[in-house]
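Novice: Give me the fold of what follows.
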Amino acid sequence: MDINVIVTYLATIVFLFIFGKVFIKPLKTILKLIINSILGGALIYLINLISGAFGFSIGLNMFTAIFVGLLGVPGAILLVIIKILL
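Specialist: Numbers count the residues shown, from 1 in each chain. The predicted structure follows:
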């Protein structure tokens, strides 16, 4: 094989590796946010299911689900505290 062919193959492999690293990281972050938001929505639903007997509920919408998805259980606790205070 010619040296130019080898260099071209190596350059292509390096380019694909760098290209993959640049675009895979944001996709992982977005996927993690989506999964956490779904789990946050489930947590809010569970809170509403348990506390519904007491007349207490938190609105289940995209913003509260993302809020709990970003902050996790402390975010759900914070939403409960805000709801109690307001």
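
Novice: tell me which element F19 is part of?
Specialist: Here F19, judged by DSSP states H and E, is contained in helix 3-51.

Novice: I'd like the next helix or strand past that helix.
Specialist: Following helix 3-51 in sequence, per DSSP H and E, is helix 62-71.

Novice: Does the following helix or strand past that following helix pack against any helices or strands, and if so which?
Specialist: Counting by DSSP H and E, the element after helix 62-71 in chain order, helix or strand, is helix 73-85. The helices and strands touching helix 73-85, judged by 3 or more C-beta pairs under 8 Å, 6 or more residues apart in numbering; DSSP states H and E, are helix 3-51, helix 62-71. For glycine as for every other residue, the C-beta is placed from the backbone atoms N, C-alpha and C.

Novice: Using CSV, write down the CA coordinates of helix 73-85.
Specialist: Provided in CSV are the C-alpha atoms of helix 73-85 (Å, rounded to 0.1, in the frame of the first residue of the first chain):
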residue,chain,number,x,y,z
VAL,A,73,-35.6,14.2,45.0
PRO,A,74,-34.4,17.6,46.5
GLY,A,75,-36.3,19.3,43.7
ALA,A,76,-39.4,17.4,44.6
ILE,A,77,-39.0,18.4,48.2
LEU,A,78,-38.5,22.0,47.2
LEU,A,79,-41.7,21.9,45.1
VAL,A,80,-43.6,20.6,48.1
ILE,A,81,-42.1,23.3,50.4
ILE,A,82,-42.9,26.0,47.8
LYS,A,83,-46.5,24.7,47.5
ILE,A,84,-46.9,24.7,51.3
LEU,A,85,-45.6,28.3,51.6
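
Novice: Pull out the buried positions in that helix.
Specialist: G75, A76, L79 (16 or more other C-beta atoms under 10 Å).

Novice: roughly how far apart are the residue nearest the centre of the chain and I66?
Specialist: Central residue of the chain (C-alpha atoms, centre = their mean): L33, 0.8 Å from the mean position. Remark: distance between L33 and I66 (C-beta to C-beta, to the nearest Å) = 7 Å.
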